[in-house]
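Participant: Fold the following and give me the result.
(2 chains)
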Number of protein chains: 2
Amino acid sequence: SPSNPPKKMLRHVVLFKFKDSATPAQVKEVEDAFRKLPSKIKEVKGFEWGTNNSPEGLAQGFTHVFFVSFDSEAGREVYLPHPEHKAFVKVLEPHLDKVLVVDYWTQE
Amino acid sequence: SPSNPPKKMLRHVVLFKFKDSATPAQVKEVEDAFRKLPSKIKEVKGFEWGTNNSPEGLAQGFTHVFFVSFDSEAGREVYLPHPEHKAFVKVLEPHLDKVLVVDYWTQE
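Facilitator: Model prediction:
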């Protein structure tokens, strides 16, 4: 591996499938709410997201991926019960059909 | 967003749940085979992986996350049918219980 291996990060990968009843405006409201979290919770060190475009048909109905990075497990421990995260979940819940979450420490 | 926004990448997120019958050595064989793919397929521009440690209990049995990056959809189109990728799938298949794949273009 490279002489200076990339810094190990703790990734938090969140997949959403929205209810069929969720309107585009409601989906956007959830997207925008999630996108604001990094500016409200300083333990979030990285953030990106996107919508599924895999041609393989193995997404099991999940359409949205949010990819959040921490530099410690302590950071994740602040994030999960954080009031701003809880407020986000309140925005999400009425429109959510399925959620899947996997976290991992980066390896090469 | 920053004056020079990060370069948009096409992420390919692959989750595996292995069969209960898969031995640690067999799981490691699959991990090592996947880890070698970036050196064999030049269209792969980024790669990291890890095993799930989420405390939320929402992983639906998935234990492994492989996070592959391309800089174009053309790169993905070379990767998916590539002989080295197919050879990897042959190593994986006997031990695989479940797979989930979502791809997305990075957004902020």
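Participant: And the helices in chain A, which stretches?
Facilitator: A:24-40, A:73-79, A:83-92 (DSSP state H).
Participant: Of those, flag the one that's most buried.
Facilitator: Compared across the helices of chain A, helix A:73-79 shows the largest average neighbour count, a mean of 16 (mean count of other Cβ atoms under 10 Å in any protein chain shown). The way it works is simple: take the backbone N, C-alpha and C, and place the C-beta from them, glycine included.
Participant: That one packs against which elements?
Facilitator: For helix A:73-79, the packing partners by 3 or more Cβ pairs under 8 Å, 6 or more residues apart in numbering or on different chains; DSSP states H and E come out as strand A:10-18, strand A:64-70.
Participant: For the helices of chain A, give me CSV that also has mean pLDDT.
Facilitator: Below are the helices of chain A laid out as CSV (pLDDT from 0 to 100):
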stretch, mean pLDDT
helix A:24-40, 98
helix A:73-79, 98
helix A:83-92, 98
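Participant: Now those helices in CSV, please, with extra columns for distance to residue A:48.
Facilitator: Formatted as CSV, the helices of chain A follow (distance: least, Cβ to Cβ, whole Å):
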stretch, distance to residue A:48
helix A:24-40, 10
helix A:73-79, 16
helix A:83-92, 16
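Participant: what pLDDT does the nearest residue to residue A:78 once chain neighbours are set aside get?
Facilitator: Using Cβ to Cβ, 6 or more residues apart in numbering or on different chains and skipping the chain neighbours, the partner closest in space to residue A:78 is residue A:43 (4.6 Å). Looking at residue A:43, its pLDDT reads 98.
Participant: Is it correct that residue A:43 is in contact with residue A:69?
Facilitator: No: if you go by Cβ atoms under 8 Å, residue A:43 and residue A:69 don't touch, sitting 10.1 Å apart.
Participant: So for chain A, the centremost residue is which one?
Facilitator: In chain A, the C-alpha closest to the average C-alpha coordinate belongs to residue A:66, at a distance of 3.0 Å (Cα atoms, centre = their mean).
Participant: show me what contacts that one?
Facilitator: Residue A:66 sits next to A:13, A:14, A:15, A:16, A:34, A:47, A:49 when contact means Cβ atoms under 8 Å, 6 or more residues apart in numbering or on different chains.
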